[in-house]
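In: return a 3D structure for these sequence lines:
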Amino acid sequence: MNIDNSHRMAAISTLFLLLAGCGGGGTPVPPAGGAPAPSTPVTINGQVVASFTAADGSTDQGRTASAFAYAEKPGDLPVVPTLGVAGNILNVSSSFSNTGGSTFGGVGIDIPLRDADRNQVQAGATKVQFSLASTGTNKTLKFKIKALGATPNGCVPAASVTVTATQTNYELALTDANFKLPDFCTGPTVTNPALAGTLANIGALEVSDEAFPTTGSATVGIHVGSIAFAPKPATPATSALSITGPFAFEYGTGATGSALAESNSAYTLTGTRTAATESWAATVAVLPLAATSDVSGWPALSINLASTSNSQVVVMLQSADAVDDGCFPSYVVTGLSGTAATRVIPFSSFSLANNPDANCAAASATRPDTALALTKLKQFQIRELKGSAGLDAVSVVIGKPVLLSGQ
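Out: Have a look, this model is predicted:
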């Protein structure tokens, strides 16, 4: 068994063991059988768990798809797959050439999911919807569902989907009849359960072309669009965030005395500044979550604010992956006064581009923008920047609880 080094080296030993113990290996093609017939046309109206805009295969939901290749014999390893995105379609191309007598091989795409997606599937999804096409020789692809931490030996629930060269939407019921463990597997295991156990701990999806020719060559062209689970779960109106250990700090000339007092109903941020304090100086409230959380399934933040020192504050999303340099996705809340008012802020309105520091606009692995920050949210910061109108005496009230909003 041989897998492209850049993608699946970790699976080699397991796949050889499978070959010895089960008479097969990798993710070989099960015997020809009745592939489920997805009904078309289909509208993708479920909860989207993977869609593609970035050229490198990063999903819009904050995960990254990767391509892989394998063959039974080293000399038959498919051409290293090329992965790219165009027109919101994830495209992978390669080719097979069986000159060494391999009995199996394949090219595929691994698409990791978020914790929020796992929760959504557990909430009662009954079908999976996806956009798919093949411009390669083979027109019957595998759509697989993999449990989090599954052993990479090919023993995962898989459905065969007959497609065309035209991008088309498909829909499959999440049933054992559609998604079966391959015949070469000895049965479900703790790490590689059957469909019900996989859905309860879903970690990734896979689309692959496993029609490795018995002799000669064949082309591979897999094209994946949006993937969704349906129906969408009912979103609760709000959910209170668990905040623990809130604190305050300040920066800038003459900025002193920052404090964050907590009562049953609010956090009150106070501090002092002087006439010499720079316009970019700030007094900051930090609201740490009780645990790093994936809140990417929520549309918005609901927060109650009042201020007698400035008419605006900056709310920031700090993720566990972010360097603590202040470059966090931000939203500027304006029009504040001494009268408390609740603001429902769509998470889509947060961005690095809204950060008060223009040098923070470029995203990186240690400076994630909103989509990634929401998957590993560590804490909120509420910054009261002096600006040109802020008073020397800071007073900002943040109402309790701070809420995730379904609206």
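
In: hey, let's count contacts and neighbours off CA atoms from now on
Out: Noted.

In: tell me where the protein has helices.
Out: Here the chain has its helices, by DSSP state H, at 5-8, 12-22, 115-122, 195-200, 370-375.

In: quick one: which of the ones you listed has the weakest pLDDT on average?
Out: Of all the helices of the chain, helix 12-22 carries the lowest average pLDDT, namely a mean of 32.

In: tell me where the stretch 1-150 of the chain has strands.
Out: 2-3, 47-50, 66-71, 82-86, 89-98, 105-112, 127-134, 140-147 (DSSP state E, counting those that start in this stretch).

In: need those in JSON lines (columns: mean neighbour count).
Out: Converted to JSON lines, the strands of the stretch 1-150 of the chain look like this (neighbours: other C-alpha atoms under 10 Å):
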{"stretch": "strand 2-3", "mean neighbour count": "24"}
{"stretch": "strand 47-50", "mean neighbour count": "22"}
{"stretch": "strand 66-71", "mean neighbour count": "26"}
{"stretch": "strand 82-86", "mean neighbour count": "17"}
{"stretch": "strand 89-98", "mean neighbour count": "23"}
{"stretch": "strand 105-112", "mean neighbour count": "25"}
{"stretch": "strand 127-134", "mean neighbour count": "22"}
{"stretch": "strand 140-147", "mean neighbour count": "23"}
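
In: closest to Ala322 out of the ones you listed?
Out: Shortest separation from Ala322 across those is recorded for strand 105-112, at 21.0 Å, computed as C-alpha to C-alpha.

In: list the pairing partners of that closest one within its sheet, with orientation.
Out: Using DSSP bridges, strand 105-112 pairs in its sheet with strand 66-71 (antiparallel), strand 202-209 (antiparallel).

In: I'd say Tyr170 and Gln129 touch.
Out: Yes: the pair Tyr170 / Gln129 is scored as a contact, 5.6 Å apart, by C-alpha atoms under 8 Å.

In: now the common contact residues for these two.
Out: Counting by C-alpha atoms under 8 Å, 6 or more residues apart in numbering, the common neighbours of Tyr170 and Gln129 are Val42.

In: what sits against Pro236?
Out: Residues in contact with Pro236 (C-alpha under 8 Å, 6+ apart) are Ser405, Gly406.

In: separation between it and Ile109?
Out: Using C-alpha to C-alpha, to the nearest Å, one gets 34 Å for the distance from Pro236 to Ile109.

In: to Gln120, which of the strands paired with strand 105-112 lies closest?
Out: strand 202-209 (10.2 Å).

In: burial measure for Ala65, as a count.
Out: Applying other C-alpha atoms under 10 Å, we find 20 residues neighbouring Ala65.

In: tell me the phi and psi of it?
Out: phi -80, psi 150 (degrees, to the nearest 10).

In: need the pLDDT of the residue nearest to it when sequence neighbours are not counted.
Out: Using C-alpha to C-alpha, 6 or more residues apart in numbering and skipping residues adjacent in sequence, the residue nearest Ala65 is Ile111, 4.5 Å away. Ile111 is assigned a predicted lDDT (pLDDT) of 97.

In: got the contact list for Ile111?
Out: Neighbouring residues of Ile111 by C-alpha under 8 Å, 6+ apart: Ala50, Arg63, Thr64, Ala65, Ser66, Ala204, Leu205, Glu206.

In: give me the below-cutoff pLDDT ranges for the stretch 51-200 of the chain.
Out: Across the stretch 51-200 of the chain, nothing is flagged by pLDDT under 70.

In: swap the cut-off to 90 and go again
Out: Applying pLDDT under 90 to the stretch 51-200 of the chain picks out residues 60-62, 114-124.

In: residue farthest from the centroid of this structure?
Out: Taking C-alpha atoms, centre = their mean, the residue of the chain most remote from its mean C-alpha position is Ala275, at 45.7 Å.

In: distance of Val207 from Phe130?
Out: Val207 is 11 Å from Phe130, by C-alpha to C-alpha.

In: er, Ser263 I mean
Out: Distance, Ser263 to Phe130, by C-alpha to C-alpha: 49 Å.

In: and what of Thr253?
Out: For Thr253, the distance to Phe130 (C-alpha to C-alpha) stands at 56 Å.

In: can you check Glu278 too?
Out: 53 Å.

In: number of residues surrounding Asn264?
Out: Neighbours of Asn264 under the rule other C-alpha under 10 Å: 8.

In: now do the contacts for it.
Out: Contacts of Asn264 by C-alpha under 8 Å, 6+ apart are Lys400.

In: quick check: buried residues in stretch 250-261?
Out: Buried residues in stretch 250-261, counted by 16 or more other C-alpha atoms under 10 Å: Glu250, Tyr251, Gly252, Thr253, Gly254, Ala255, Thr256, Ser258, Ala259, Leu260.

In: which single one of those is nearest to Val80?
Out: Tyr251 (51.3 Å).

In: follow-up on the earlier one: now the strands of the stretch 1-150 of the chain as TSV including distance to Ala285?
Out: Below are those laid out as TSV (distance: least, C-alpha to C-alpha, whole Å):
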stretch	distance to Ala285
strand 2-3	50
strand 47-50	33
strand 66-71	39
strand 82-86	40
strand 89-98	41
strand 105-112	34
strand 127-134	42
strand 140-147	39
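
In: which of the ones you listed sits closest to Asp183?
Out: strand 140-147 (14.1 Å).

In: strand partners (parallel or antiparallel) of that closest one?
Out: Using DSSP bridges, the strands paired with strand 140-147 are strand 158-162 (antiparallel), strand 202-209 (antiparallel).

In: quick one: closest of those to Ala320.
Out: strand 202-209 (20.3 Å).

In: what about stretch 188-196, how long is it end to end?
Out: End-to-end distance for stretch 188-196, by C-alpha to C-alpha: 11 Å.

In: show me which residues of that stretch are buried.
Out: Those would be Pro188, Thr191, Asn192, Pro193, Ala194, Leu195, for stretch 188-196 by 16+ other C-alpha under 10 Å.

In: what lies in contact with that stretch?
Out: The contact list for stretch 188-196, computed with C-alpha under 8 Å, 6+ apart, reads 145-147, 149-151, 155-157, 174-176, 179-181, 198.

In: let's see it at 6 Å
Out: Ala150, Pro157 (C-alpha atoms under 6 Å, 6 or more residues apart in numbering).
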